[in-house]
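Participant: here are the coordinates; sequence isn't available:
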């Protein structure tokens, strides 16, 4: 099955006001050790695969790094939230990367709502060989065509693999 972007969503009625300016903050970014992605698939026509996987809340970053080796089932991305006092905001999550997949797309996007007091984690997980494209990958939160938060990772064939292996497999003998 083609997969790609993995994202956690908070559901409910949107409370945001159209004129309100988003007050988004970066909470953390990094790498999630290889694991099989589990969760409901939801339509996402702005992605190469056309779907996202809704992941469980509580997933944590195992490594605070921006160099990402192309390892099977390795995930990377960012967690964002609203600044104190901000109302709910509908935003666009975008991931730009070198040309990928049969259509050689360079930008994938979907919308989500950021809720007060909640965080929103967005990841890309390498599940297919065509996804493992070296180069700069940027995750961003946008609203009305304006970038509010962005984080860039460098995806590589080999660099960073030692640090990931140490963080993810240190308890294996």
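Facilitator: The structure has been received and is ready for your questions. As the structure is a prediction and not an experimental result, all values here were calculated from the model. Numbering: from 1, shown residues only.

Participant: From residue 125, how far off is residue 37?
Facilitator: Here residue 37 is placed at a distance of 5 Å from residue 125 (C-beta to C-beta, to the nearest Å). All C-beta spots, glycine's among them, are computed from the backbone N, C-alpha and C.

Participant: Kindly report the same for residue 131.
Facilitator: 8 Å.

Participant: neighbour count winner among those two?
Facilitator: Using other C-beta atoms under 10 Å, the more surrounded residue of residue 131 and residue 125 is residue 125, with 23 against 20.

Participant: Got the confidence number for the more buried one?
Facilitator: Note for residue 125: predicted pLDDT of 93.

Participant: Please apply the same query to the one 3 residues further on.
Facilitator: On the pLDDT scale, residue 128 is placed at 91.

Participant: what do you get for the one 5 residues further on?
Facilitator: The per-residue pLDDT reported for residue 133 equals 97.

Participant: For it, grab the count of nearby residues.
Facilitator: Neighbours around residue 133, by other C-beta under 10 Å: 17.

Participant: ranges for the strands of this structure?
Facilitator: 5-7, 24-32, 40-43, 51-54, 67-69, 75-82, 89-100, 105-114, 119-125, 135-143, 146-156 (DSSP state E).

Participant: Point out where the protein drops to low pLDDT.
Facilitator: Along the chain, segments meeting pLDDT under 70 span 1-22, 57, 171-173.

Participant: Kindly recompute the last result at 50.
Facilitator: Screening the chain residue by residue with the criterion pLDDT under 50, one finds the ranges 1-20, 173.

Participant: hmm, back to that, reformat the strands of the chain into CSV and put distance to residue 168 next to each item.
Facilitator: Shown next, in CSV, are those (distance: least, C-beta to C-beta, whole Å):
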stretch, distance to residue 168
strand 5-7, 17
strand 24-32, 8
strand 40-43, 25
strand 51-54, 20
strand 67-69, 11
strand 75-82, 11
strand 89-100, 22
strand 105-114, 25
strand 119-125, 14
strand 135-143, 19
strand 146-156, 16
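
Participant: and the residue lying closest to residue 147 once chain neighbours are set aside, how far is that from residue 162?
Facilitator: Spatially, and ignoring its direct neighbours in sequence, residue 147 is nearest to residue 140 (5.1 Å; C-beta to C-beta, 6 or more residues apart in numbering). Residue 140 is 29 Å from residue 162, where distance means C-beta to C-beta.
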